[in-house]
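**Q** sharing a model prediction with you, sequence too.
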Amino acid sequence: MPDLHVVPSQATSPRAIVGQTEAPWIRWLLITVALGFLGLVLIVPLAAVFTEAFAKGWELYLAALVEEEAWSAIKLTLLIASITVPLNLIFGVAAAWAIAKFQFAGKNLLVTLIDLPFAVSPVISGLIFVLLFGAQGVFAPVLEAYDIQIVYAWPGILLATLFVTFPFVARELIPVMQAQGTEEEEAAISLGASGWQTFWRVTLPNIKWGLLYGVILCNARAMGEFGAVSVVSGHIRGETNTIPLHVEILYNEYNFVAAFAVASLLAVLALFTLVIKSIVEWKSGEHRG
Amino acid sequence: MGNRLRQRSVLPGFGLSMGYTLLYLSFIVLIPLSLLFIKSASLSWSAFWQTVTDARVLASYQLTFTASITAASVNAVFGLLVAWVLVRYDFPGKRVVDGLVDLPFALPTAVAGIALTAVYAPNGWIGQYLEPLGIKVAFTPLGIMIALTFIGLPFVVRTIQPVLQDLDKQYEEAAATLGASRWQTFVRVILPPIVPAMFTGFALAFARALGEYGSVVFIAGNMPMKTEITPLLIITKLEQYDYAGATAIAAVVLVASFFMLLVINLLQYKTSRRHMPG
């Protein structure tokens, strides 16, 4: 039946061939259903965070953020992120250099091992450090003898966060460095540049956007990790609570406005991460084009 | 010896970067993780078996597995739809929508958890309309499923999107010129090359859902035998200082996760071979 509508003169333009694209009403139906689904699943919860946070006005919102325990949670989270991100950044650059610039046996296995923390449940990521450094842990006698506390103190939170965010930078950098190839570096070396000069002047400018995105992702997860940190933290108020753990405590105390106010900080961080991601994709697309 | 393990290169720094990579990987990931298996191997077999097949634990496996597979299936269908709309159609605000798809990756799980609970609680934005219909979401398995759908969505969309983008439109044009209807073209020409990516996305979302904790615990209600997921049981055992029990259950979850990792790697290997030119 639809064949009747194809007028010969139009058939030369590809758009007019029936069956090559969807009828307009199907397009709009699909777009509406897809956007409706995304609205329900993504936008409504995101909007709920901010609405609940401001449900009782600005004063209570700000009060929840400047309160002493909130501050100590913010400070602990910043401390953990400020150690985690540089450590995983150095690792990510080293791993990507070895994997992307050289050919060696077992490369695929190494890449899989680097991705391993993504496959592990956050709860288990915390548990392994309790098994190592907890009261009944492998190193318990040593830690006790020297009076060192790791689990239920900030070093435990740091270890769990390092584990959980371990692959982020490496995983962003490996494909970017692989796509760059090795010709430019080889040229620099043969022209007499040292290894470090080559890295700083040739490699780094090529990978800067991938690097930035890896760092931003690693930071977002380091500040927002909940499951792993919850296992090793011990939940000591004002001492071993990170921002997400503080949100949980407030929520369980039915202090919803404060819980969502503190949570809104993390939601803003998430939105900031998404904006950076879009910019990075736009910039790297520009380079390719 | 070294020459056989790696090909010669004029670039420096292989020893340093590789050495550091292996050292850091061992200390942060491999040694702590292998300890879990060593610890669980030190339990007696009967004690291990008793712990991991306890009725409450079995109920948690069933719940976690069912909710994860349902959520991943919902995501496979809607993820394909979202990827299709984002790749093939133009509409106002498309770039913002495309960026927002990654929200579940960026939003901390605890924030997602309390937000979803607020939305689907009996007095919440959406929950209040479902309550009169007799549909309870928060504090039921349905709520767990919704949280896992939220968490898994980007995995499916981001796996299908690039494949759909690279699809050569020539074949569709050929099918259309040969008289196929749009639906026939979709089912016979467009869908087959996307199916492997759909399965990969499904597997990624499912694997993530199996271990998910933060977004689920708030909306689940956490009633033993009914709405208690396996990762929560591990934490419960730990809080009771039952380290052996926690380790045993964790070993089971970890084996399941590693199995999924293997499946995902095989799927990705197949997808990449299919996409290789020639």
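**A** In hand now; what should we look at? Since we're looking at a predicted model, the values are computed, not measured.

**Q** where in the chain is pLDDT low?
**A** Answering for chain A, as no chain was given. Residue ranges of chain A with pLDDT under 70: A:1-20, A:286-289.

**Q** sorry, I should have been clearer: chain B.
**A** Applying pLDDT under 70 to chain B picks out residues B:1-5, B:273-278.

**Q** go again with 80.
**A** Chain B contains residues with pLDDT under 80 at B:1-8, B:270-278.

**Q** quick one: the closest residue in space to B:Ile264 that isn't next to it in sequence from B:Ala250, how far?
**A** Nearest non-adjacent residue to B:Ile264, counting by Cβ to Cβ, 6 or more residues apart in numbering or on different chains: B:Ala203, 4.9 Å away. The way it works is simple: take the backbone N, C-alpha and C, and place the C-beta from them, glycine included. Computed as Cβ to Cβ, to the nearest Å, the B:Ala203 to B:Ala250 distance reads 21 Å.

**Q** follow-up on the earlier one: which is the next helix or strand following the helix or strand containing the residue nearest to B:Ile264?
**A** Secondary structure from DSSP states H and E places B:Ala203 in helix B:191-211. Counting by DSSP H and E, the next helix or strand C-terminal to helix B:191-211 is helix B:214-220.

**Q** quick one: the helix or strand that comes right after that next one to helix B:191-211, angle?
**A** With elements assigned by DSSP H and E, the helix or strand that comes after helix B:214-220 is helix B:230-239. On the basis of axes from the mean of the first three to the mean of the last three Cα atoms, to 10 degrees, helix B:230-239 is oriented at 20 degrees to helix B:191-211.

**Q** pretty sure A:Leu269 is touching A:Met223, no?
**A** Yes. Assessed by Cβ atoms under 8 Å, A:Leu269 is found in contact with A:Met223 at 6.2 Å.

**Q** what is the burial count for A:Leu191?
**A** A:Leu191: 8 surrounding residues under other Cβ atoms under 10 Å in any protein chain shown.

**Q** could you measure it against A:Ile207, distance?
**A** 20 Å.

**Q** swap in B:Phe37?
**A** On the measure of Cβ to Cβ, B:Phe37 and A:Ile207 end up 36 Å apart.

**Q** more neighbours, those two?
**A** Between B:Phe37 and A:Ile207, counted using other Cβ under 10 Å, A:Ile207 has the larger neighbour count: 22 against 14.

**Q** for that one, which non-adjacent residue is spatially closest?
**A** Sequence neighbours aside, A:Val176 is the residue nearest to A:Ile207 in space, at 5.2 Å (criterion: Cβ to Cβ, 6+ apart).

**Q** just checking, next helix/strand downstream of the helix or strand that contains the one you found?
**A** Secondary structure from DSSP H and E places A:Val176 in helix A:168-180. As assigned by DSSP H and E, the chain's next helix or strand after helix A:168-180 is helix A:183-190.

**Q** does that next one come close to chain B?
**A** Yes. Judged by Cβ under 8 Å from any Cβ of the partner chain, helix A:183-190 comes into contact with chain B at A:185-186, A:189-190.

**Q** counting neighbours, which of those comes out on top?
**A** Within the residues of helix A:183-190 next to chain B, neighbour counts (other Cβ under 10 Å) peak at A:Glu185, which reaches 25 neighbours.

**Q** write out the residues of the stretch 151-278 of chain B neighbouring chain A.
**A** By Cβ under 8 Å from any Cβ, the residues of the stretch 151-278 of chain B that approach chain A are B:153, B:172-173, B:175-177, B:179-182, B:184-185, B:207, B:210-214, B:218, B:231-232, B:234-235, B:238, B:243, B:246-247, B:250, B:253-254, B:257-258, B:260-261, B:265.

**Q** show the buried residues in these.
**A** Buried subset of these (neighbour count, 16 or more other Cβ atoms under 10 Å in any protein chain shown): B:153, B:172-173, B:175-176, B:180, B:182, B:185, B:207, B:210-214, B:218, B:231-232, B:234-235, B:238, B:243, B:246-247, B:250, B:253-254, B:257, B:260-261, B:265.

**Q** how about the nearest residue to B:Ala205, chain neighbours excluded?
**A** B:Gly152 (3.1 Å).

**Q** let me know whether the one you found touches B:Gly211 as I believe.
**A** No. Shown here, B:Gly152 and B:Gly211 do not form a contact pair, counting by Cβ under 8 Å, at 11.9 Å.

**Q** before we move on, back to that, tell me which residues in the helix holding B:Ala203 are buried?
**A** By 16+ other Cβ under 10 Å, the buried positions in helix B:191-211 come out as B:193-194, B:196-211.

**Q** and stretch A:51-69, by the same measure?
**A** Residues of stretch A:51-69 classed as buried: A:51-53, A:61, A:64, A:67, A:69 (neighbour count, 16+ other Cβ under 10 Å).

**Q** next: stretch B:239-246.
**A** Buried, per 16+ other Cβ under 10 Å, within stretch B:239-246: B:243-246.

**Q** distance from the chain centre to stretch B:39-58, please.
**A** Here stretch B:39-58 is found 26 Å from its chain centre; the criterion is Cα atoms, centre = their mean, to the nearest Å.

**Q** quick one: it near chain A?
**A** Yes. For stretch B:39-58, a contact with chain A is found by Cβ under 8 Å from any Cβ, at B:Lys39.

**Q** alpha carbons of that stretch, as CSV, please.
**A** Extracted in CSV, the C-alpha atoms of stretch B:39-58 (Å, rounded to 0.1, in the frame of the first residue of the first chain):
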residue,chain,number,x,y,z
LYS,B,39,40.7,-17.0,54.5
SER,B,40,37.7,-18.8,53.2
ALA,B,41,39.8,-21.9,52.3
SER,B,42,40.8,-22.0,56.0
LEU,B,43,37.2,-22.6,57.0
SER,B,44,36.1,-26.2,57.4
TRP,B,45,34.1,-27.3,54.4
SER,B,46,31.0,-28.2,56.4
ALA,B,47,31.1,-24.8,58.2
PHE,B,48,31.5,-23.0,54.9
TRP,B,49,28.7,-25.0,53.3
GLN,B,50,26.4,-24.5,56.2
THR,B,51,26.9,-20.7,56.1
VAL,B,52,26.5,-20.3,52.4
THR,B,53,23.4,-22.5,52.2
ASP,B,54,21.6,-21.2,55.2
ALA,B,55,17.9,-20.5,54.4
ARG,B,56,18.3,-16.7,55.0
VAL,B,57,21.4,-16.6,52.7
LEU,B,58,19.6,-18.7,50.0
